[in-house]
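Colleague: build me a structure from this.
(one chain, ligands or ions: 2)
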Amino acid sequence: EKSLTAQILHTYETRLFPSADSIEVKRTFIEKFATILVTEFPGWEVDIHVFGSSVNGLGTSRSDVDICLTTEHRELEDIFLLNKVLRKHNMRTYCIPRARVPIVKIWDPELRIASDINVNNTIALHNTRMLQTFVAVDGRVRPFVLAIKHWTKCRDINDAAFGGTLSSYTWVNLAIHFLQTRDPPILPVLHPRAHSLNAEKCMALGEVDLSFNDNIGELREFGRANLESLGFLLYAFFRTYAYEFDYRTQVVSLRNGCYLTKAQKGWDTGRPSRIFCIEEPFSTWLNLGHSANTIAVEGIRREFQRA
Ligand code: GTP
Ligand code: MG
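Modeller: Ligands and ions are numbered 1, 2, ... in the order given. Presented below is the predicted three-dimensional model:
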């Protein structure tokens with residue numbers, strides 16, 4: 001246990017913690033991107049919000065830069081417009097127009113950095129702030145979650161879009177939920193217990209309850225009664241999802257800080273997208289595990305067992 005803890009900390013400090021250079025490159029990229037917008041859309045008011053792992057404390061030197069643009073100029077929501085101007089400025093781009101959140105994926109060959117851009121889709125700004133809050137509560141969160149992200153990338157099970165496995169955001173939800181369910185817990189439940197609107201009604205109205213407790217001053221050191229080491233936590237995380245979690249009936253709910261059942265959520269219908277069920281904490285009608293089918297989940301489970 002001691003040796004594993006030491007290895008996690010060593011990897012965290014030497015390979016996972018973002019280098020000063022990588023932070024500088026991200027800053028330069030954002031400036032460059034802002035200049036392109038001003039040049040191509042003079043006089044338009046467009047705000048740039050950076051979200052995801054570059055700001056939530058769970059990024060590495062190799063993480064991409066996630067950007068949300070907000071603007072009254074709705075024509076920019078057609079991502080092919082953005083695609084066209086970015087190509088003019090020598091960016092390599094790829095559009096995903098039909099995703100739930102349409103994005104342009106960018107590779108900047110000069111700065112050697114990747115970025116995902118969406119327009120007017122602000123919900124991820126809120127879940128970024130939620131993850132920032134969890135990271136600030138206990139010093140173990142950052143190395144623990146980064147170790148898990150690192151493992152998923154090494155084992156090629158961190159690619160929802162093209163690989164049919166799970167996204168970083170899904171893995172992070174799983175890791176945070178695990179820390180909420182230790183005894184005693186390391187992380188608190190941040191959301192009000194009852195969802196103010198029921199899930200189906202929310203979905204129909206496109207309304208989401210965005211409130212959660214972000215009072216870091218009050219929450220800091222919440223997990224102090226739990227003395228588990230990073231090494232033990234990593235071992236227990238693997239064991240939980242290799243042997244203890246019941247994939248057939250259980251749903252991971254970070255919003256509630258416990259497991260729900262598929263029956264409770266009406267997710268026991270045998271759809272191929274409901275094999276590994278991880279509830280999105282804000283849009284609770286969404287299963288973050290939907291990208292992994294039966295075969296992928298079986299593979300992921302074997303990775304847990306192998307680990
Ligand atoms: P790395 O880039 O791998 O370091 O991790 P990341 O946390 O930045 O993940 P990613 O680039 O895949 O996603 C960026 C951000 O988008 C996440 O941190 C979330 O805030 C948000 N996000 C990603 N996937 C989803 C999703 O399925 N639902 C919602 N609501 N938000 C998501
Ligand atoms: Mg990212």
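
Colleague: how near is N127 to T170?
Modeller: Relative to T170, N127 is positioned 12 Å away (CB to CB, to the nearest Å). The way it works is simple: take the backbone N, C-alpha and C, and place the C-beta from them, glycine included.

Colleague: my bad, I8
Modeller: 21 Å.

Colleague: got the end-to-end distance for stretch 80-99?
Modeller: From its first residue to its last, stretch 80-99 covers 14 Å (CA to CA, to the nearest Å).

Colleague: how about the helix or strand harbouring I295: buried residues?
Modeller: I295 belongs to helix 294-306 when elements are defined using DSSP states H and E. By neighbour count on 16 or more other CB atoms under 10 Å, the buried set for helix 294-306 is 296-297, 299-301, 303-304.

Colleague: same thing with stretch 155-169?
Modeller: Quick answer for stretch 155-169 (16+ other CB under 10 Å): 157-158, 160, 165-169.

Colleague: so among these, where is pLDDT lowest?
Modeller: pLDDT across these is lowest for A160, at 92.

Colleague: show me what contacts it?
Modeller: By CB atoms under 8 Å, 6 or more residues apart in numbering, the contact list for A160 reads 166-167, 170, 291-292.

Colleague: about what we covered before: make JSON lines out of the buried residues of helix 294-306 and add pLDDT.
Modeller: Formatted as JSON lines, the buried residues of helix 294-306 follow (pLDDT from 0 to 100):
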{"residue": "A296", "pLDDT": "96"}
{"residue": "V297", "pLDDT": "97"}
{"residue": "G299", "pLDDT": "97"}
{"residue": "I300", "pLDDT": "98"}
{"residue": "R301", "pLDDT": "98"}
{"residue": "E303", "pLDDT": "98"}
{"residue": "F304", "pLDDT": "98"}
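
Colleague: make a markdown table out of the residues you listed and add distance to ligand 2.
Modeller: Below are the buried residues of helix 294-306 laid out as a markdown table (distance: CB to the ion, whole Å):
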| residue | distance to ligand 2 |
| --- | --- |
| A296 | 21 |
| V297 | 23 |
| G299 | 23 |
| I300 | 20 |
| R301 | 25 |
| E303 | 21 |
| F304 | 23 |
